[in-house]
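Novice: With the sequence up front, the predicted model follows.
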Protein chains: 2
Amino acid sequence: MSEGIELLLEGSVTTPRGFNAGAVHAGVRSDWDKLDVALLCSEALCAAAGVFTSNRLQAAPVVVTRQHLSSGQTTAVVVSAGCANAATGQQGHENAIRMAQLAAARLGLDPHDVVVASTGVIGTQLPMERIAGGIEKITLSPDGGLDFARAIMTTDTKAKHIAACCANWSIGGAVKGVGMIHPNMATMLCFLTTDAAAAQPFLAAALKEAVDVTFNMIDIDSDTSTNDMAVILANGAAGGPAIDVAHPEAPLFVAALTAVCTHLAKAMVDDAEGGTKVIEARVEGAASPSDARAAARGIVSSLGVKTAVYGHDPNWGRILAAVGNSGALFAMERTALYLGSPDGKELCLFREGAPLACDPAQAKACFTPHEVRFRVELGVGASAATAWGSDLTEDYVRLNSLYTT
Amino acid sequence: MSEGIELLLEGSVTTPRGFNAGAVHAGVRSDWDKLDVALLCSEALCAAAGVFTSNRLQAAPVVVTRQHLSSGQTTAVVVSAGCANAATGQQGHENAIRMAQLAAARLGLDPHDVVVASTGVIGTQLPMERIAGGIEKITLSPDGGLDFARAIMTTDTKAKHIAACCANWSIGGAVKGVGMIHPNMATMLCFLTTDAAAAQPFLAAALKEAVDVTFNMIDIDSDTSTNDMAVILANGAAGGPAIDVAHPEAPLFVAALTAVCTHLAKAMVDDAEGGTKVIEARVEGAASPSDARAAARGIVSSLGVKTAVYGHDPNWGRILAAVGNSGALFAMERTALYLGSPDGKELCLFREGAPLACDPAQAKACFTPHEVRFRVELGVGASAATAWGSDLTEDYVRLNSLYTT
């Protein structure tokens, strides 16, 4: 953690000044009784940026939000949970626009200044009457951030929110997503707010930089959703000149944003559908940043690795097989594999291209902590990356074999 | 099936004339009591070709076999099951060479004319004394093909073998592999024999062509093994001029080889670790063959699709999400999705870019057969491909969380 950044675990998207939020139960899914429609609104027009799913099947709200954010500005966010509004054709597109219009009417805004997002089952239409009724009833307040974080959940079991406070401004965030998680570009639904004044190009670059080393480095089930988006709103309520790339606080802003995204990304992995553990894979000595990223993410995405971690089975050959599958270059004679021990030290199992003799009980012990850590040295360069993934359990299978029915 | 090809379900690698095989229990893994070392030998030097894993971490036997097959000729195959001899350094490399030498001594051959293969746990050394003792004891016979197929199994529950008989020659095959299966190039261990006389360049091209539409189109768990190989031996015992690309029987040979590989590939999926179903995905109207392949394989590889099939949950949006994830081009307004009905007909759920009203019970019924079929029309071209995958079950997780321990 950089100096000058304080993480507030109870913080949320309404921690930064000038943001209000609220949520209601609208009944988007008739079998759910949770909060499912939410609004987030800034008291002033915000500089804004977003990153979106790389899935070629982009949900209607993704398409509409990309259009609305093309101005680099927005004021509010409306979200519904339970129905993804993806693969829903022209009607789905009109429904996404209508959601923005309903939120704009409720908040007295131009519909183009509203970000719209949905999450849930693919291929069904939004129940627009219920959503309209829900939006009408939402009361916004500066304490509404936690309700907002709860309302965007689907199979999540915990609300995921945080804020990072710096001297004069803060960054708040909320995220949802515990399945169909292998983000590429953005991920799941993530909403970030800040009362810092920020120049839009800097804001967009900072968001991309933070997302690349956080959300884009996690994996639950190797599926990239149709609805992924991460959006940041900067309302400037903290005053002062807008932070841009030349501003002295620019590195602090990127560090704080990265800290918020890291916390939220790991919270997603920790709440993975059926998951019992967090796997952290660190790859060093890679020939390029993209090789390091591919290898690290390859490890945490491998079903062989995920199931071995779940079963405390020190089948470490699967870690190297996953690196081999990633396509990353390595020099076998300089490749090494380390497991994180429960005592905080490391156990080396493979060095100079060959396995080392080791006590199987010691290797097994490295698979027992809640957070299991692997480090691989590729021996061909100076690039490094870290990725996080969940384990794969019988409960993941159970949850996902019965989602719509 | 092409005319003139008869599939023999009891056929094996010793169905073609002039091939002998045998296997023993050598004790490669001390906790297994199955056959685990096998030999296959032709009575004459064979034209031969192989395809190998795309995993950058290539097991020692893969490295050695690639060298031995560079001549385009071989006579025999030696296989051990229980230890992959992968990530085993210089000692592993020497052990793979030693396995070929032991087999060559037993059979009176040059070691360079022996293909060597191993499968099992990664990162442990082969127990060479037991393997030497095993090879010494193997008795080869023209009826040994089934024992050969049994000996190469690891977590497989069924031996997988077949032969295709044509007028004057036949093609036999055996395969193993039910986990760490997402072949790319070759796959798992597959051994093919034929008594047809075949020119080596034609044989290599025919093998690649057959593997590309069969083994390279299946998925169990998206992991590509370090040890994958498919090898074909053609001993010419049927006589006549060697089949080459200009020979009138060339198309029949490719068709028969593809039929053998299709049977073996589907047998692997059918025996998938923990699997209960076979998913067949057909993609049509793709812009290119590679797009069609990526989309079809993307569907059968998606954990969301696999778990939905397991649970008979008609969550068909995940099929389209998987297509979107594959990167294949599609025209949403011409995209359509069909489920295979138990009555052999099709149920259309999505057409012209939008979902169709359908009876959920009818959709659910399409998820109940042992073989579940999906067909997707992408609307942008004339390319098509078919892929096969297993479902994902609690038993897969259980089996894979306790493999080495």
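Specialist: All right, it came through fine.
Novice: any idea where the strands of the stretch 51-200 of chain A begin and end?
Specialist: Along the stretch 51-200 of chain A, counting by DSSP state E, counting those that start in this stretch, strands occupy A:73-83, A:114-121, A:160-165, A:170-176, A:189-194.
Novice: Please identify the deepest-packed of the ones you listed.
Specialist: strand A:189-194 (a mean of 31; mean count of other CB atoms under 10 Å in any protein chain shown). Glycine gets a C-beta too; all of them are placed from N, C-alpha and C.
Novice: Kindly list the single helix or strand of chain A that scores lowest on mean pLDDT.
Specialist: strand A:218-219 (a mean of 82; mean pLDDT, DSSP states H and E).
Novice: Would you mind measuring the gap between the ends of stretch A:221-229?
Specialist: Stretch A:221-229 has its terminal residues 18 Å apart, counting by CA to CA, to the nearest Å.
Novice: Quick check: mean pLDDT of it?
Specialist: Mean pLDDT, stretch A:221-229: 74.
Novice: same deal with stretch A:345-359?
Specialist: Here the average pLDDT along stretch A:345-359 is 92.
Novice: Need the residues that contact it.
Specialist: Applying CB atoms under 8 Å, 6 or more residues apart in numbering or on different chains, the set of residues contacting stretch A:345-359 from outside is A:316, A:320, A:332-341, A:362-363, A:366, A:375, B:87-92, B:123-125.
Novice: Buried subset of those as a ChimeraX selection?
Specialist: Buried residues among the contacts of stretch A:345-359 (16 or more other CB atoms under 10 Å in any protein chain shown), as a ChimeraX selection:
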select /A:316,320,332,335,336,337,338,339,340,363,366,375 /B:87,88,89,92,123,124
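Novice: Okay, strands next: where are they in the stretch 301-405 of chain A?
Specialist: Using DSSP E, counting those that start in this stretch, strands in the stretch 301-405 of chain A cover A:336-340, A:346-351, A:354-355, A:371-377, A:383-390.
Novice: which one of those strands is the most hemmed in?
Specialist: Taking mean count of other CB under 10 Å, strand A:383-390 is the most buried of those, at a mean of 24.
Novice: close to chain B, is that one?
Specialist: No - Strand A:383-390 does not reach chain B (CB under 8 Å from any CB of the partner chain); its nearest approach is 11.7 Å.
Novice: mind exporting stretch A:253-260 as CSV, just the C-alpha atoms?
Specialist: The C-alpha coordinates for stretch A:253-260 follow below in CSV (Å, rounded to 0.1, in the frame of the first residue of the first chain):
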residue,chain,number,x,y,z
PHE,A,253,-4.6,8.7,-7.5
VAL,A,254,-3.5,5.7,-9.6
ALA,A,255,-2.2,3.9,-6.4
ALA,A,256,-5.5,4.6,-4.5
LEU,A,257,-7.6,3.5,-7.4
THR,A,258,-5.5,0.3,-7.8
ALA,A,259,-5.8,-0.3,-4.1
VAL,A,260,-9.6,0.0,-4.3
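Novice: Low-confidence ranges, the stretch 1-150 of chain A, go.
Specialist: By pLDDT under 70, the low-scoring segments of the stretch 1-150 of chain A are A:1-2.
Novice: Residues of it that sit close to chain B?
Specialist: Checking the stretch 1-150 of chain A against chain B by CB under 8 Å from any CB, the hits are A:55-58, A:84, A:86-92, A:121-125.
Novice: and the nearest residue to A:Met153 once chain neighbours are set aside, what does it touch?
Specialist: Distance criterion CB to CB, 6 or more residues apart in numbering or on different chains; nearest residue to A:Met153, sequence neighbours excluded, is A:Lys176 at 5.1 Å. For A:Lys176, the contact set (CB under 8 Å, 6+ apart) comprises A:Ala81, A:Thr119, A:Ala149, A:Ile152, A:Met153, A:Thr154, A:Asp156, A:Lys160, A:Met188, A:Leu189, A:Met268.
Novice: how close does the residue located most distally from the centre of chain A sit to A:Arg351?
Specialist: Taking CA atoms, centre = their mean, the residue of chain A most remote from its mean C-alpha position is A:Ala357, at 39.1 Å. Per CB to CB, to the nearest Å, A:Ala357 is found 11 Å from A:Arg351.
Novice: Over to A:Gly304?
Specialist: 22 Å.
Novice: Kindly report the same for A:Ala48.
Specialist: 49 Å.
Novice: A:Ile135 too?
Specialist: Counting by CB to CB, the gap from A:Ile135 to A:Arg351 is 60 Å.
Novice: Over to A:Ile299?
Specialist: 18 Å.
Novice: And the helices in the stretch 1-150 of chain A?
Specialist: All helices of the stretch 1-150 of chain A, identified by DSSP state H, counting those that start in this stretch, fall at A:60-68, A:89-107, A:128-137, A:145-151.
Novice: Residues contacting the first one, please?
Specialist: So that's helix A:60-68. A:50, A:52-53, A:74, A:85-86, A:88, A:92-93, A:95-97, A:99-100, A:111-118, A:226-229, A:231.
Novice: So what angle separates the directions of that helix and helix A:89-107?
Specialist: With axes from the mean of the first three to the mean of the last three CA atoms, to 10 degrees defining the directions, helix A:60-68 sits at 60 degrees from helix A:89-107.
Novice: and helix A:60-68, which residues are buried?
Specialist: Quick answer for helix A:60-68 (16+ other CB under 10 Å): A:Ala60, A:Pro61, A:Val62, A:Val63, A:Val64, A:Thr65, A:His68.
Novice: Also the second one?
Specialist: Going by neighbour count (16+ other CB under 10 Å), the buried part of helix A:89-107 is A:89, A:92-93, A:95-104, A:106-107.
Novice: Tell me which other helices or strands it touches.
Specialist: Where contact means 3 or more CB pairs under 8 Å, 6 or more residues apart in numbering or on different chains; DSSP states H and E, helix A:89-107 is packed against strand A:37-52, helix A:60-68, strand A:73-83, strand A:114-121, helix A:128-137, strand B:354-355.
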